[in-house]
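S.K.: would you be able to build a 3D model of this:
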Amino acid sequence: MNHLEVKAALTVSDAGEITGIAWPFNAGPDGYGDMIEPGAFSFPDTLPMLFLHDTKQPVGVWDSITETPEGLQVKGRLLVDDVARAREVRALILAGATTGLSIGYNAKKATVRRPAGRTISALDLREISIVSVPAHPQAQILSVKEAPLEAEETTPELEGRIAALETNLAAVSEAVGKVEKAATRIETKMARPVATNLNNDNDNAPLERKAFESFLRHGVERMDPIETKALTVASDAAGGYLAPEEFGNELIKLLVEHSPIRQYAKVISISAPSIKYPRRTSGTTAYWVDETDDRTASAPGFEQITLTPHELATYTDVSNALLEDNAYNLEGELLADYAESFGKVESLAFVKGTGTGQPVGIMTATGITEVTTGAAGGFPATNPADVLIGMYHAIATSHAQNGVWLMNRNTLSTVRQWKDGNGRYLVLDPISNGAPSTLLGRPIVEAIDMDDIEADASPILFGDLSGYRIVDRVGLSTLRDPFSLATKGQVRLHARKRVGADLTHPDRFVKLTVAA
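M.R.: Residues are numbered from 1 along each chain as shown. As a prediction, the model looks like this:
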């Protein structure tokens, strides 16, 4: 499970059926500053009941999960008749040592809260655990129906286990007290107002931002343990740390400006070195036959497409003096530099990539239908727009209805000057701000890496860009190297990501080539 996050709380009693609130609505944030909105949960019909989020310790099953105005209502069963660990958990609950519920989930959509935490509006619920110290004090078990005990449950062996658990209760309570004190200290720190000048020495700065800046300036050795945990570790201290969540999200926004194809293409994230897709190349064929004629066999044909992510990387050498200057906007400068260098190279590859050590560009991919202008070096002098009308009708209706026009700004300048017989421009500007211009009712996407209008060039593409697939393997990651340039008083900051792309549905596109 990627990025498992632990939230909520629990309170239980005896064995049998358990009813409780796994996450309360309208009760404020949890101990980490996070809030989950009503309607955010998606989940299967049943979920495992774990102990302390340990997948090796299933103790029961949650049979019913329902969103109510009060919160996420859950009902489940401890399997006390079949699982010894479930009986031990019941004993802990009866003794008061275990009183909370906690949810494990993958967040799909969240926004940053101030001074700390997030507001989560969409998540995939993966499991609900019985825990000692819940993250949200109001996520409690409401009732536990007493289940009849079998004769073997009152054996001397079980009584001995219960006695041992009761003996350890004092130690557990002491540990819980320490955790509560630590949680109170963190909550107090997070609740401080956020100052306007968010530099590294400002104790009111958001924890993720402060942790990332501390890592860039000083390395992990001089970071506070709490700040170290705020970073998402890629592997270990030698393997580097990913940027905090705010940094990564903002980078994606800037990449869209450089790479407009991302807005329309099919973009997925994978955890494997590559991903393979089957594609049908031919279908079955039916034949007319008489009543007793032999039938003719037919079979569909398939091929396989493999999408492999390729690596983009750069580094920046920064002086120690600059890193130690708290008034310098280090994070913003790195953000702009990385977004520009990664965005430009990625944008060019999505259009004209060779597929060797880089993604396959949509204009270099094979299988796309091609039409020509019919005039050497440009468009026909009379009715040049007829060429584009022919492109629009060269692909299936369903693809044309979802299609966009891809061209650079110089080509768009030429097309903008075309008019119909009544003197109306064919390119229509949007009524609302932020909407794209349209041609024949479909949006125009400006891609600076497309060809200009010249002989043998391909300046325009039309089609449904969901037929072009982009695969992200690794998001932006950074590595601080304070050793290679130590004698020069500099630190080398490395940045890298892995991305691949290829055409999966050539039948959804048509491209225009200028006649020689």
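
S.K.: any low-confidence regions in this structure?
M.R.: 1-16, 27-32, 96, 114-116, 133-163, 166-167, 170-173, 185-259, 325-332, 335 (pLDDT under 70).

S.K.: element containing the residue of it most remote from its centre, please.
M.R.: The C-alpha centroid of the chain is most remote from residue 292, which lies 58.5 Å away (CA atoms, centre = their mean). Using DSSP states H and E, residue 292 sits within no helix or strand.

S.K.: how close does it sit to residue 127?
M.R.: When distance is defined by CB to CB, to the nearest Å, residue 292 is 61 Å away from residue 127. The way it works is simple: take the backbone N, C-alpha and C, and place the C-beta from them, glycine included.

S.K.: just residue 457 next, same as before
M.R.: Note on residue 457: its distance to residue 127, by CB to CB, is 56 Å.

S.K.: which one of those two has more residues nearby?
M.R.: Using other CB atoms under 10 Å, the more surrounded residue of residue 457 and residue 127 is residue 127, with 19 against 16.

S.K.: what sits closest to that one if chain neighbours are left out?
M.R.: residue 104 (4.5 Å; CB to CB, 6 or more residues apart in numbering).

S.K.: now for the one you found, how many residues are close by?
M.R.: 21.

S.K.: what bridges to it?
M.R.: residue 6, residue 127 (DSSP bridges).

S.K.: over to the one 5 residues further on?
M.R.: For residue 109, the residues forming beta bridges with it (DSSP bridges) are residue 122.

S.K.: residue contacts, it?
M.R.: Contacts for residue 109 (CB atoms under 8 Å, 6 or more residues apart in numbering) come out as 120-123.

S.K.: ok, now how distant is it from residue 293?
M.R.: Noted for residue 109: a distance of 59 Å to residue 293, by CB to CB.

S.K.: and if you look at residue 445?
M.R.: Residue 445 is 53 Å from residue 293, by CB to CB.

S.K.: more neighbours: these two, which one.
M.R.: Per other CB under 10 Å, whichever of residue 445 and residue 293 has more neighbours is residue 445, with 19 against 9.

S.K.: ok, what's across the strand from that one?
M.R.: residue 406.

S.K.: wait, it sits on residue 264?
M.R.: Yes. Using CB atoms under 8 Å, residue 445 is in contact with residue 264, at 6.6 Å.

S.K.: now for the two: what residues contact both?
M.R.: In contact with both residue 445 and residue 264: 404, 465, using CB under 8 Å, 6+ apart.

S.K.: check the burial of the residue lying closest to residue 502 once chain neighbours are set aside by counting its neighbours.
M.R.: Spatial nearest neighbour of residue 502, chain neighbours left out: residue 360 (4.3 Å); criterion: CB to CB, 6+ apart. Using other CB under 10 Å, residue 360 has 23 neighbouring residues.

S.K.: ok, now which ones touch residue 360?
M.R.: By CB under 8 Å, 6+ apart, the contact set of residue 360 is 353-354, 501-503.

S.K.: all strands for the stretch 401-516 of the chain, in order.
M.R.: All strands of the stretch 401-516 of the chain, identified by DSSP state E, counting those that start in this stretch, fall at 404-407, 427-428, 438-439, 442-446, 460-463, 468-481, 490-503, 509-515.
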